[in-house]
Structures are given as C-alpha cells and as structure tokens.
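Q: predicted model follows, preceded by the sequence.
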Amino acid sequence: DGGITQSPKYLFRKEGQNVTLSCEQNLNHDAMYWYRQDPGQGLRLIYYSQIVNDFQKGDIAEGYSVSREKKESFPLTVTSAQKNPTAFYLCASTHGQTNEKLFFGSGTQLSVL
Amino acid sequence: SQKIEQNSEALNIQEGKTATLTCNYTNYSPAYLQWYRQDPGRGPVFLLLIRENEKEKRKERLKVTFDTTLKQSLFHITASQPADSATYLCALDEERSNYQLIWGAGTKLIIKP
C-alpha cells in the first residue's frame, strides 16, 4: 500500500544535540513538506521541496535543515540552534507542485531531555 | 497577514445530530479552502477541498460551504456518529506563495452516544 512513513514516533533530544527525523513516501509524489504543530496553534511550515535536490524555507526554518537527495525521502534535522524544539512534527506530500490534498505521515513527537 | 479562526472550544454534539464547524478568515480571498480530520497523535487526513467559485461541496455525510463575502467556510457532518469525534482543521492557500497553506488551530468535535 502506498503511504508516507515517519520515524521515529517519539524522539528525545539532549541539549546541544542535533537529531534527524525521517520521512519516506512511496506515493510517487513530487512535493514534500515539513510542518510543526504546537498545542492550540495551526500547523506552521518549516521547509518544503517540489523536486529532488531543491527545497525552500517556510515561515519557521531557523534551527532546522533538510535534504532532498531522493524523490522518496525528505529528512528533517533539528539542530542545536533550535532553542524550543519540543513539538509534534508532521511530514506531508502531494502530487504535482500544488498544496492541494496533502497526505500526512503519522508524526514524530520530539521532546527535550 | 492572513489569519484563520476556528472555534477553540470543543463542540459537543449528540449522536445522530448534525455537527457544524466554522472557519473564518481575514484579509484575503483564497483560491480554495481545505478541511482535514486529525485524531490524537496522528497526522491530518484530507477530507474536502472547495474552490472560490464553488458554493457547496458534498461527500457522503460531509458538506462544506464557502461564502467569500462573509469570508467563512462551514463544515457539516450529518447523522453524526461517535467515530466522527476528532479535531477538524481548515487550511487555505496564501497569495504570497503557492506552497504555503495557512492553517487554523482546529476545533475538537465530540459526538456523545
């Protein structure tokens, strides 16, 4: 079955540590996105990518980095520069280069130790 | 900037009744608006998309309306069931970028047996 897979489900970060969240899709979608969800707030876009080897910053890219070396994969690194990383992180993908009808992964909850 | 408002308080509805959720926006006329369902600890799931030239869209027990004069979308679930209990998110496109959706914080819907 086609879908989008995020791992791990739960992740803990120590101060000063970089951590990487995985996102893989087998839907043959062109565009992929990373969102951050905090309680009581709408989703906020971190980074997005429309094609391989290209990505763009969203509203809250500071302290994060991404890569898009393969169409299927769009990992997100939360760097030590991100001072408030505790949140629910969601990866999404969509066919073509629009943001209609996004497919989401099941999310990664990142917490700080 | 664009702002989306959804009822922050949970909506309690008796099973079998119609649930109506509201999404209000300001400062812009979006090309389309989307509704998603999110269960606790899971990623959002796409439900319906309605375009600016459409007044109403239906899918099984779901109905979405879009009033560009009032800057409001209403999401209806008829013959509601306890399984419909979830948080419902609305999202609209933003003029400054084709790839940045603006998301509401969501309304939690509780269907009581």
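A: Received the coordinates, thanks.
Q: tell me, how many residues neighbour the nearest residue to A:Tyr48 once chain neighbours are set aside?
A: Nearest-residue entry for A:Tyr48: A:Tyr33, 4.5 Å, with adjacent residues in sequence omitted and distances by Cβ to Cβ, 6 or more residues apart in numbering or on different chains. In this view, the C-beta of every residue, glycine as well, is placed from N, C-alpha and C. Per other Cβ atoms under 10 Å in any protein chain shown, the neighbour tally for A:Tyr33 reads 26.
Q: bridging residues for A:Tyr33?
A: Beta-bridge partners for A:Tyr33, by DSSP bridges, are A:Tyr48, A:Ala92.
Q: C-alpha coordinates for stretch A:68-81, PDB please?
A: Once non-C-alpha atoms are left out, stretch A:68-81 reads as follows in PDB (Å, rounded to 0.1, in the frame of the first residue of the first chain):
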ATOM      1  CA  ARG A  68      16.100  16.000  -0.800                       C
ATOM      2  CA  GLU A  69      18.500  13.600  -2.500                       C
ATOM      3  CA  LYS A  70      15.800  11.200  -3.500                       C
ATOM      4  CA  LYS A  71      12.200  11.700  -4.600                       C
ATOM      5  CA  GLU A  72      11.000   9.400  -1.900                       C
ATOM      6  CA  SER A  73      12.900  10.900   1.100                       C
ATOM      7  CA  PHE A  74      12.800  14.200   2.900                       C
ATOM      8  CA  PRO A  75      14.600  14.100   6.200                       C
ATOM      9  CA  LEU A  76      14.500  16.900   8.700                       C
ATOM     10  CA  THR A  77      17.400  17.800  11.100                       C
ATOM     11  CA  VAL A  78      16.600  19.700  14.200                       C
ATOM     12  CA  THR A  79      19.800  21.400  15.100                       C
ATOM     13  CA  SER A  80      21.100  22.700  18.400                       C
ATOM     14  CA  ALA A  81      20.300  26.200  17.200                       C
END
